[in-house]
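K.L.:
Return atomic coordinates for the entry below.
(4 chains)
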2 protein chains.
Amino acid sequence: MGNNQHDVPDIVVGRLPIYLRALSAMQAGGKHYTSSHELAEWLGISSAQIRKDLSHIGEFGKQGTGYSVSGLHEQLRQILHLDREWPLIVVGAGNIGSAVASYTGFAQRGFRVVALFDHDPQKIGTQAGPFTVRDNEEIPSFVKGNHVLHAMIAVPAQYAQEVADLLVASGIQGILNYAPINLSVPEGVHVEYIDPVLHLQKMTYYFD
Amino acid sequence: MGNNQHDVPDIVVGRLPIYLRALSAMQAGGKHYTSSHELAEWLGISSAQIRKDLSHIGEFGKQGTGYSVSGLHEQLRQILHLDREWPLIVVGAGNIGSAVASYTGFAQRGFRVVALFDHDPQKIGTQAGPFTVRDNEEIPSFVKGNHVLHAMIAVPAQYAQEVADLLVASGIQGILNYAPINLSVPEGVHVEYIDPVLHLQKMTYYFD
DNA sequence: TAGATTGTTAATCGATTAACAATC
DNA sequence: TAGATTGTTAATCGATTAACAATC
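P.N.:
Numbering: from 1, shown residues only, chains lettered A, B, ... in the order given. Below you'll find the predicted structure:
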């Protein structure tokens, strides 16, 4: 009660999309109601954690009954600002960049790739899935002109920082970086990382 | 001193590959020594955390001097069992699976994709980068015959669980799942997840 | 030596879990 | 009503940080 949106811990914010994803799956499966216990089992976490997490953002359940799947889904969508479609650009038209730009999984979940950029004159102008590859030099005007806030970086590690600098200078506020390197960005710009090798290396510790 | 490998907290194990990655970058940059302070600034975490994390696995530094970049790099490689090359298979020869199978970033970091599988008769036998797509039915014999422990799942969400079941039955012990769905696997099998949309959705909470 | 930095201990901080009154 | 489940409080657990003696 009286939960200010801005005192939700980051770690909790990070789990809300996971809850949303589970609720989508339940909805697709025709389920109308669920409980913290069921969600917890589904996700392999504790039911107390789910109730506690949700309590940071509001009250969505009914004692004895649990949660309306579609109701909670809709609430989470609004809290995460996913009740709209966010445009997104991809920089880097190699294997990863092209694959990710063509990925069809964004549409249902609040995002749409609107352009694919590359630095290489050999690639500029070529077709990659539904996109004609644009010149990196067009990034600033494109980002400003289309009110784009999100970008994915899929260039080799040695170019990632300069691309990030260009993106930030262009007005990008959220970067998802596929290059295996840490970026430095100004306060206020969000960076997330995807590096499959880190995940694999984490597992090998337990192997042998 | 007397640190048993098995009392290293998971959360610390998860950071060791990040340290390793930073040390590789330093090494590539010709740096010979570093300190917990320098690493910390590089990674945006505290120096105390780095020293504390490393203390779980041994003593690698010298007072006054810090850490030998190559020395600590080598130690971490050994602790993470990356002093060998791990074979890896990819299931799903769509956009993402094909891109990831062709990704050249595995080789230097301990992994090598050795086969790409798909269920679709239209795809089996076709070429995807350096791979001829194999039939999913070959997975059990291939995994056993080649002592493969790691697999990446890059199939549509609705098939991911059955693929996971097949992989586990074949002897796979570590799964990196690109499908946006939670998998259930037996005790002892490691699962890691990559879902770019979760990262993007986490950021939009802070936007608007 | 003087300055720097480690590895470790103790203190702090924050996240997770357990428990239960409220109530559908 | 009786059974179930929420939202919340208090207890526990674990992770991070601060501080510093040891020492290169």
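
K.L.:
Please make it C-alpha for all contacts and neighbour counts, starting now.
P.N.:
Will do.

K.L.:
ok, the closest residue to A:Ala160 other than its chain neighbours to A:Ile11 distance?
P.N.:
Closest residue to A:Ala160 apart from its sequence neighbours, by CA to CA, 6 or more residues apart in numbering or on different chains: A:Ala179 at 6.5 Å. A:Ala179 sits 23 Å away from A:Ile11, going by CA to CA, to the nearest Å.

K.L.:
Ok, A:Ile45 next?
P.N.:
Noted for A:Ile45: a distance of 14 Å to A:Ile11, by CA to CA.

K.L.:
So these two - more neighbours on which side?
P.N.:
Neighbour totals were compared for A:Ile45 and A:Ile11, and A:Ile45 leads with 13 against 10 (other CA atoms under 10 Å in any protein chain shown).

K.L.:
The residue nearest the centre of chain A is in what secondary structure piece?
P.N.:
Of all residues in chain A, the one closest to the mean position by CA atoms, centre = their mean is A:Leu176, 7.6 Å from it. In the assignment (DSSP states H and E), A:Leu176 maps to strand A:174-177.

K.L.:
Indicate whether that strand makes contact with chain B.
P.N.:
Yes - using CA under 8 Å from any CA of the partner chain, strand A:174-177 reaches chain B at A:174, A:176.

K.L.:
now the helices for chain A?
P.N.:
For chain A, the helices defined by DSSP state H occupy A:10-28, A:36-43, A:47-55, A:69-79, A:95-102, A:139-145, A:157-170, A:196-204.

K.L.:
now those helices in CSV, with distance to A:Gln63?
P.N.:
Shown next, in CSV, are these (distance: least, CA to CA, whole Å):
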stretch, distance to A:Gln63
helix A:10-28, 19
helix A:36-43, 11
helix A:47-55, 12
helix A:69-79, 15
helix A:95-102, 42
helix A:139-145, 47
helix A:157-170, 47
helix A:196-204, 39
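
K.L.:
Tell me how many other residues crowd A:Trp86.
P.N.:
Other residues lying near A:Trp86 total 22 when counted by other CA under 10 Å.

K.L.:
Let's see the pLDDT reported for it.
P.N.:
A:Trp86 is assigned a pLDDT of 98 by the prediction.

K.L.:
next one: the one 5 residues further on
P.N.:
The pLDDT attached to A:Val91 in the predicted structure is 98.

K.L.:
Quickly note the distance from it to DNA strand C.
P.N.:
According to CA to the nearest atom of the strand, to the nearest Å, A:Val91 and DNA strand C sit 32 Å apart.

K.L.:
How about A:Glu192?
P.N.:
For A:Glu192 relative to DNA strand C (CA to the nearest atom of the strand), the value is 18 Å.

K.L.:
Hmm, that residue is touching B:His199, no?
P.N.:
Yes - here A:Glu192 reaches B:His199: they are 6.3 Å apart, a contact under CA atoms under 8 Å.

K.L.:
list residues touching both of these two?
P.N.:
Both A:Glu192 and B:His199 are contacted by A:Leu176, under the criterion CA atoms under 8 Å, 6 or more residues apart in numbering or on different chains.
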